[in-house]
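**Q** Give me coordinates for this.
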Amino acid sequence: MIKKNVLLTLLSPLVLAGAMLSGIASFNTTAHGNEPLPKSNPMFVGMESDAADAINSFHKALRSGDKKTARAFLADDIVIFEGKGVERSADEYANHHMLSDMKYLAVINSKKLEHQVFVKNDMAYSFSRSKTTGTYKDKTVDYISLETMTLVKTDQGWKATHIHWSR
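**A** You can find the predicted model right below:
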């Protein structure tokens, strides 16, 4: 037979968890009143921001081979992660990997599945997912690519301080 205080010790975490869940549900109901909760989060957020415009211009410059515009978007001390590699400045990227990225992006297709940009004062961050398909150097490509960026607002406009590309 289980002693009463042992039983209470065993049940206490369950009672506490139930009370917490009840409190959370109550908060949601109170905080939102009769407002229906959204069925899903929007996949595209912040697209009207200047930061999003800058990011889209950067992508367009890469696809079209416009090295000058693409380089202008990057802070001098940017850090770029791609695959297992790291480039630690805009000049390093512009004189090395950017050219191969431009050749690749010129011949493949990329469709944004999600893009969210959040701006707080002179800082912004962005994350996106894209479906990438096509043929490059006689190889078929078909994958989901991911991109995360941090940006700062400067006198010359928004500049990327960090980019992380992966798939």
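
**Q** quick one, phi/psi of the residue nearest the centre of the chain?
**A** The geometric centre of the chain, computed from its C-alpha atoms, lies nearest to Phe127 (CA atoms, centre = their mean), at 1.4 Å. Main-chain torsions, Phe127, degrees, to the nearest 10: phi -140, psi 140.

**Q** Which residue, other than its chain neighbours, is closest to Asp101?
**A** Leu62 (5.9 Å; CB to CB, 6 or more residues apart in numbering). For every residue, glycine as well, the C-beta is placed using N, CA and C.

**Q** distance of that neighbour from Asp122?
**A** 24 Å (CB to CB, to the nearest Å).

**Q** of the two, who's got more company?
**A** Neighbour tally, Leu62 and Asp122, criterion other CB atoms under 10 Å: the higher count belongs to Leu62, 19 against 10.

**Q** CA atoms only: put the helix or strand encompassing that one into PDB for me.
**A** Element membership for Leu62 (DSSP states H and E) is helix 50-64. What follows is helix 50-64 as a C-alpha-only set of coordinates in PDB (Å, rounded to 0.1, in the frame of the first residue of the first chain):
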ATOM      1  CA  ASP A  50      13.300  48.700 -46.900                       C
ATOM      2  CA  ALA A  51      15.400  45.800 -45.500                       C
ATOM      3  CA  ALA A  52      13.400  43.300 -47.600                       C
ATOM      4  CA  ASP A  53      13.800  45.500 -50.700                       C
ATOM      5  CA  ALA A  54      17.600  45.500 -50.100                       C
ATOM      6  CA  ILE A  55      17.700  41.700 -49.700                       C
ATOM      7  CA  ASN A  56      15.600  41.200 -52.900                       C
ATOM      8  CA  SER A  57      17.900  43.600 -54.800                       C
ATOM      9  CA  PHE A  58      20.900  41.600 -53.600                       C
ATOM     10  CA  HIS A  59      19.400  38.400 -54.900                       C
ATOM     11  CA  LYS A  60      18.500  40.000 -58.200                       C
ATOM     12  CA  ALA A  61      22.100  41.300 -58.500                       C
ATOM     13  CA  LEU A  62      23.500  37.900 -57.900                       C
ATOM     14  CA  ARG A  63      21.200  36.300 -60.500                       C
ATOM     15  CA  SER A  64      21.900  38.900 -63.100                       C
END
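
**Q** quick check: mean pLDDT across that helix?
**A** Computed over helix 50-64, the mean pLDDT rounds to 98.

**Q** Can you point out the buried residues in that helix?
**A** Within helix 50-64, the residues that qualify as buried are 51-52, 54-55, 57-59, 61-63, counting by 16 or more other CB atoms under 10 Å.

**Q** What's the first helix or strand after it?
**A** helix 67-72.
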